[in-house]
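Trainee: Fold the stuff below for me.
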Amino acid sequence: MINTTLTIAAFVCASSSVHALPTGEQVHARYLEVTGGEDNHRRLKGLHIEGRVRIGAMELEGTYEQYTTAPAQYWSKTVFDQLGEVIVVVNGEDAWQTAPSLGSARLSGQELTDALLVADFYRDLDVTQDFDPIVNTGEADFEGERCYRVKLTSTTAAPDETRYYSVETGYLIARVSDNGSGPTEVYSDFREVGSVLMPHKTEVRTQGIAGLGFEFIRERIRANPRVPSGLFDPPAALN
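Mentor: Predicted coordinates for the structure are as follows:
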């Protein structure tokens, strides 16, 4: 009887081990691996992106262009015929925006915090840098895709996040800001850029304002581009 009990107990333990969930860190590590491996991601020093952007509720469509370089430089230009041109630049710890009728102005407060996070080129490679703990809460459905739902608790000014990684492919398919007002980002159309895979479509869904979402279609992504001289320099009005 004792031997039988021990055998059953050992079997149950072994079975549980086989079906044990990967940790949150392991889920993210798999994402890096299936999209090219961390080493290849770190070989990227910059990106040049060109594409289209849509604002759903306003039925607007425009173009956008973006340069990002390591460690934390960012430039983007978005153009709508009806609204004009908006340029956002981040250079280290400084950031500013140039928009029609508003001119150029430095970003501050939450806008500056958000801009610095966007500009951090390698931020998503080591999630333990900004989040602790990182917990895989189990499997969950996200719009028909079976996913691991990973809760990330922020150790910085950034909000906590919930991320959804496909169980089948390992891709990160959605990121949800847990501060109650932040957006949900949904990623799809993964294609090769250099030696890594990147999403070529991102939907940004805002909370609280129905239909006011953005859709970014990346038509062209170039790895390690030549950056135009002075692109990240502040305009004369801010000097």
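
Trainee: And the strands in this structure?
Mentor: Taking DSSP state E as the test, the strands found in the chain are 46-55, 60-69, 73-80, 84-91, 94-99, 103-106, 131-142, 145-154, 161-166, 172-177, 184-193, 196-205, 213-223.

Trainee: May I have the third one as PDB, with CA atoms only?
Mentor: Same thing as strand 73-80. Taking Å, rounded to 0.1, in the frame of the first residue of the first chain, the C-alpha atoms of strand 73-80 are listed here in PDB:
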ATOM      1  CA  GLN A  73      17.000  58.700 -30.000                       C
ATOM      2  CA  TYR A  74      13.600  59.000 -31.800                       C
ATOM      3  CA  TRP A  75      12.200  61.100 -34.600                       C
ATOM      4  CA  SER A  76       8.700  60.700 -36.100                       C
ATOM      5  CA  LYS A  77       6.700  62.700 -38.600                       C
ATOM      6  CA  THR A  78       3.000  62.100 -39.100                       C
ATOM      7  CA  VAL A  79       1.100  63.900 -41.900                       C
ATOM      8  CA  PHE A  80      -2.600  64.200 -42.400                       C
END
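
Trainee: elements contacting that strand?
Mentor: Packing partners of strand 73-80 (3 or more C-beta pairs under 8 Å, 6 or more residues apart in numbering; DSSP states H and E): strand 60-69, strand 84-91, helix 109-119. Quick note: C-beta positions are derived from backbone N, CA and C, even for glycine.

Trainee: Tell me the helices and strands packed up against the last one.
Mentor: Secondary structure elements in contact with helix 109-119, counted by 3+ C-beta pairs under 8 Å, 6+ apart, are strand 73-80, strand 84-91, strand 94-99.

Trainee: Run through who's touching that helix.
Mentor: 68, 72-74, 88, 90, 93, 95, 106-107, 123, 157-158 (C-beta atoms under 8 Å, 6 or more residues apart in numbering).

Trainee: just the angle between that helix and strand 94-99, please?
Mentor: Taking axes from the mean of the first three to the mean of the last three C-alpha atoms, to 10 degrees, one finds helix 109-119 and strand 94-99 inclined to each other by 100 degrees.

Trainee: With the first one instead?
Mentor: With the same axes, to 10 degrees defining the directions, strand 60-69 sits at 150 degrees from strand 94-99.

Trainee: Out of the helices and strands packed on helix 109-119, which is closest to Pro225?
Mentor: Pro225 lies closest, by C-beta to C-beta, to one member of the helices and strands packed on helix 109-119: strand 73-80, at 11.5 Å.

Trainee: ok, residues contacting that closest one?
Mentor: With C-beta under 8 Å, 6+ apart as the criterion, strand 73-80 contacts 53, 55, 60-68, 85-92, 115, 118-119, 121, 231-232.

Trainee: Generate a PyMOL selection restricted to the buried subset of those residues.
Mentor: Buried members of the contacts of strand 73-80, defined by 16 or more other C-beta atoms under 10 Å, are picked up in PyMOL with:
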select buried, resi 53+55+62+64+66+67+68+86+87+88+89+90+91+115+118+119+121+232
